[in-house]
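Engineer: Dropping the sequence and predicted coords here.
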Amino acid sequence: MKPLLFILSFSVLLANVAAQIQGLGQNGHVQANAATVTGEQNVPPPVNPQRMHDYRQLQREADELSLLAQSVRTDMQQVSKGLYPKELNDRLKKIERLSKRLRSDLGQ
């Protein structure tokens, strides 16, 4: 008799829990849908993560890079004659900075 009573009470308890879960599921869906609608209304439109390029500035930097490369060529001719222009190292560093900047700006 005890096992039958235990099974019966467990069945009633399980049915009660199942009914509550089913009711919560429906309310949960309604609440989730309402939260989604509310959230969509409050969210601003996405911002374009790519920054706008100033193509004139990029063109100026590319022109400067070209001029620096030409000046390095003449400096290297002087190096072959045994003269080391003191600006050569600065020009090479500037070429490196400009090329990195152009590469990163155009790579996005």
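Structural biologist: Done, it's in. Residues are numbered from 1 along each chain as shown.

Engineer: helices or strands up against the helix or strand where residue 92 lies?
Structural biologist: Here residue 92, judged by DSSP states H and E, is contained in helix 88-106. If contacts are counted by 3 or more CB pairs under 8 Å, 6 or more residues apart in numbering; DSSP states H and E, helix 88-106 sits against helix 55-80. All C-beta spots, glycine's among them, are computed from the backbone N, C-alpha and C.

Engineer: quick revisit: now do the helix holding residue 92 against helix 55-80, angle only.
Structural biologist: Helix 88-106 and helix 55-80 meet at an angle of 150 degrees, taking axes from the mean of the first three to the mean of the last three CA atoms, to 10 degrees as the criterion.

Engineer: From the rest of the structure, what touches helix 88-106?
Structural biologist: 53, 58, 61-62, 64-65, 68-69, 71-72, 75, 79 (CB atoms under 8 Å, 6 or more residues apart in numbering).

Engineer: Counting neighbours, show which residues of it come out buried.
Structural biologist: For helix 88-106, burial by neighbour count (16 or more other CB atoms under 10 Å) applies to 91, 95, 98.
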